[in-house]
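**Student:** 3D model of this:
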Amino acid sequence: MASSISMKELTLGVCYYPEHWPEELWADDFRRMREMNLSVIRLAEFSWAMLEPVEGQFDFRFFQRVMDLAYQYGLQVILGTPTATPPAWLTHRYPEVLNASREGVLYRHGMRRHYNYSSPKYRELCARIVRNMVEAYKDHPAVIGWQIDNELNCEINEFYAEADHQAFRQWLQARYGTLDQLNKAWGTVFWSQTYTDWEQVHLTRPMVSASPNPHLALDEKRFISDNAISFAKLQADIIRELAPQHWVTTNGTFGHLDSHKLTDELLDFFSYDSYPQFATLSSGTEENPLGDRAWSMNLSNVRSISPNFCVMEQQSGPGGWVDRIEMGTPRPGQIRLWSYQSVLHGTDLLVYFRWRTATMGTEIYWHGINDYHNRPNRRVREVAQVGEELARVGSLLAGTVYQAEVALMQSYDNMWDGELDRWHGPLQWQSMRSWYKQLQYRHIPADVITLREKTTIEELLRYKVIIYPHSAIMTDETAKLLTQYVQRGGTLLFGARTGYKDIHGQCYMRPFPGPVAELCGITVEDFTLVKGSVRAAELQWEGSRSQLPACTAAVGFNEVLQVEDAAVEVMARYASEYYRGKPALTRRTEGQGSVWYYGAAYSEPIVDAIIDELDLTAPFADWLEVPANVEAGIRSADGRSYLFLLNYSEQPAQLVLKKPAVDLLSGVKLDGTLELPGYDVLVIEV
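**Tutor:** Model (predicted):
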């Protein structure tokens, strides 16, 4: 079971930066926090220059005073290790700690996250500041836990300093042992790239073509992830040694980082930074059809790391730096809506970013709960409402877990390989978005899960249906696991470009879809990328429970399927192009379950047709009618279940209850037809 946060009640907190404010404001800030039922503050994650103003000279008095006062007001403290922002004396004296561009140009001091994980000197200095900081604060009664660094791999997730090239070689030597094995894994016989000495091996460097060796590029991302985890482990080990009574976490899901492995090996639970308005920056476009509701898919992914987790930064105002990430102010009700969005999806400790908007620096437009003037505003009142509600019902909701019988599956290898490979990478987003969108609109709860080497059949069998759309990299071991899942009653759906690459990203010399061809009972006879003048074929549906709209096209990629097993049913055929009449979507029974194969990327119409064919319905369909613009999901534990209804529209939504219920947040009795106001929330015990 994945690591989860353990809270007796749903708890609210706020990120606080006392170094930004006169000390005479602290007591009033803490008093008002407690009045709003905020009981946790996060401190110090950007404070290295204060804690070690001169190399080797430490001063921990400032935050000692802050925590002493916070403790007097009944506030608990999460401390961040300050390694995301090395001080100027450090980067000036030791430029080897800086990260570099692919061209080798150093990223200089003045922002954050401008260091590299590989520098021995940086690791030495990080270990020293963390050790001294933990020693100084480990016995303070306010401290409950530690956040390692801040948002690992945020801002930048590629590293090309000289120390990184050296560390990459060491990582490769441990992985492959010999140059012969490396050359084989990377296919270096192609274009005479064969290496004869380890010193010849580098991370991606500038080349004539923008496209590097794809097998090197895949290993590069694996290395970056392992290196970031190794950097975090240095700090986690120190905290575990000196302060075993405190929990350890870190925040954010960012690129080229296996957050599952990070959590399994180092953390008590995972933390996420939830800014739903990011999903609205292109609102109304085909890329973001769900608006801020699309953020639920991100939160669903976090659940696969920790079923119950911390949101270390919850959006509490408009976001923006001085030169980018411009956002409008959340409308009345949206901050509360987004808070319950996080709670629905598994948050038991929710920490708002930030208490008061900064008056200086890059984030002067990244607004907090309070404005610069520090007077009451509607954001303060909205957060206070959430605080009052959770103070009453938080103990009921804590520890309950989101319920889903459908899962969208992904893997780090395929995501990382797909960043470079344009023949399968873009298909993943198309299919995941289409499935999640239609499941959301039809109120069928879904998890987003990540397939890993350690994934067990028991973990998969939690779900009646798993969609694993474009798993280009597919091993025989994975195929055996997925076959077991189907044989034991699961329904599994694949998409185009499945199973044609091995673990190194090299193409198999076997019929597509490779390791799962026998399971699916089909092979791929022909194929084409759909792009430019190459048209997508239209589809003719042959299922029994539904119909496709006229002219529905098989988007993204078209694989012409060849049926190899008499047990295969053809569910849809191509209705145009030179492969008219050929199978496009098939279904095969295996044991107690079934496996579907679709030779394209999934679109909303084909997803709807399959949902009908599978007879998937909302878990409350027999007693509640809910419109598509309302998200619905259930958290349950120990015989207790709570249905969350979140209206993402500014317009009221009409609900029809066929049995009496009570809104947990307000105590209001509900029955019959009622209106859920725009951006409003209901939580019903079921």
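
**Student:** can you give me the mean pLDDT across the helix or strand that contains residue 234?
**Tutor:** Applying DSSP states H and E as the criterion places residue 234 in helix 214-242. Across helix 214-242, pLDDT averages out at 98.

**Student:** So which elements touch it?
**Tutor:** Helix 214-242 sits against helix 120-137, helix 162-176, helix 179-186, strand 247-249, helix 259-266, helix 412-420, with contacts defined as 3 or more C-beta pairs under 8 Å, 6 or more residues apart in numbering; DSSP states H and E. Bear in mind the C-beta positions are built from the backbone N, C-alpha and C, glycine included.

**Student:** Beyond the first one, next helix or strand please.
**Tutor:** Downstream of helix 120-137, the first helix or strand assigned by DSSP H and E is strand 143-147.

**Student:** Can you mark which positions in that next one are buried?
**Tutor:** Neighbour-count burial for strand 143-147, with 16 or more other C-beta atoms under 10 Å as criterion, is recorded at 143, 145-147.

**Student:** Grab the CA positions of it and hand them over as CSV.
**Tutor:** This file holds the C-alpha atoms of strand 143-147, laid out as CSV (Å, rounded to 0.1, in the frame of the first residue of the first chain):
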residue,chain,number,x,y,z
VAL,A,143,7.6,21.3,14.6
ILE,A,144,5.6,18.3,13.2
GLY,A,145,7.4,17.6,9.9
TRP,A,146,9.9,18.6,7.2
GLN,A,147,9.6,19.4,3.5
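
**Student:** partners of it, with directions?
**Tutor:** Strands that pair with strand 143-147, judged by DSSP bridges, come out as strand 76-80 (parallel), strand 247-249 (parallel).

**Student:** ok, residues contacting it?
**Tutor:** The contact list for strand 143-147 (C-beta atoms under 8 Å, 6 or more residues apart in numbering) reads 40, 42, 45, 67, 76-81, 134, 137, 239, 243, 246-251, 268, 271, 312.

**Student:** Need the mean per-residue confidence for stretch 361-375.
**Tutor:** Taken as a whole, stretch 361-375 has a mean pLDDT of 95.

**Student:** Show me which residues of that stretch are buried.
**Tutor:** Buried-residue list, stretch 361-375, by 16+ other C-beta under 10 Å: 363, 365-370, 374.

**Student:** now swap in stretch 653-672 and tell me
**Tutor:** So, applying 16+ other C-beta under 10 Å, buried residues of stretch 653-672: 653, 655, 657, 661, 663-665, 670.

**Student:** and the end-to-end length of that stretch?
**Tutor:** End-to-end distance of stretch 653-672: 14 Å, with C-alpha to C-alpha, to the nearest Å as the criterion.

**Student:** just to revisit the earlier point, could I get the helices and strands packed on helix 214-242 as JSON lines with mean neighbour count?
**Tutor:** JSON lines is the format used below for those (neighbours: other C-beta atoms under 10 Å):
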{"stretch": "helix 120-137", "mean neighbour count": "19"}
{"stretch": "helix 162-176", "mean neighbour count": "18"}
{"stretch": "helix 179-186", "mean neighbour count": "17"}
{"stretch": "strand 247-249", "mean neighbour count": "21"}
{"stretch": "helix 259-266", "mean neighbour count": "20"}
{"stretch": "helix 412-420", "mean neighbour count": "21"}
